[in-house]
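>>> kindly generate the corresponding structure for this input.
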Amino acid sequence: MDPRDEIAFQVCRWSLQAHSSIPIEIVPIKQADMRNRGLYWRSPDPLSSTEFSFTRFLTPYLAHYRGWAVFVDCDFLFRKDISGLLDYRDPSKALYCVQHNYVPDECVKMSCQRQTQYPHKNWLT
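As a prediction, this is how the structure comes out:
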């Protein structure tokens, strides 16, 4: 979670809890905490617009590689029960991601950061 997004995180957390019919644990991934724990030591990336550009990949580790864990950006707003994602569980899959063709039109993104383009920007191959 980027410290600049505390209010967005609180709204996301509220919307997730308000709609969830299953027990959930919401854990913000704060870069400073990850550094203090010795889990993250990468130098700042000038192309990263948020602190969680890379720390998000600690999600499985932080969940102790047990059960199902979901990473969401803190500006998500849940309007339905997240338990619906459980219908898609497949034990043969280690990772899920939404794959889509994303070609940004703008040159500037959030917080006046320069927009970068590269293949498969928002998904893993």
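>>> what stretches of the protein score poorly on pLDDT?
For the chain, the stretches flagged by pLDDT under 70 are 1, 100-103, 109-125.
>>> do you have the helices of the chain handy? List them.
Assigned helices in the chain, in chain order: 6-19, 31-36, 52-55, 59-62 (criterion: DSSP state H).
>>> now the second one: how far from the chain's centre is it?
When C-alpha coordinates are averaged (C-alpha atoms, centre = their mean, to the nearest Å), helix 31-36 and its chain have centres 16 Å apart.
>>> against which helices or strands is it packed?
helix 52-55 (3 or more C-beta pairs under 8 Å, 6 or more residues apart in numbering; DSSP states H and E). In short, each C-beta sits where N, CA and C put it, glycine included.
>>> who's in contact with the helix it packs on?
For helix 52-55, contacts defined as C-beta atoms under 8 Å, 6 or more residues apart in numbering pick out 1-2, 29, 31, 34, 40, 42, 45, 48, 73.
>>> any idea which of the helices of the chain is most buried?
Comparing the helices of the chain by mean neighbour count (mean count of other C-beta atoms under 10 Å), helix 52-55 comes out on top with a mean of 18.
>>> would you format the helices of the chain as a markdown table with distance to R89 included?
Output for the helices of the chain, formatted as a markdown table (distance: least, C-beta to C-beta, whole Å):
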| stretch | distance to R89 |
| --- | --- |
| helix 6-19 | 18 |
| helix 31-36 | 27 |
| helix 52-55 | 24 |
| helix 59-62 | 15 |
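>>> nearest to G84, out of those?
For these, the distance to G84 is smallest for helix 6-19, at 9.8 Å, taking C-beta to C-beta.
>>> noted, bye for now.
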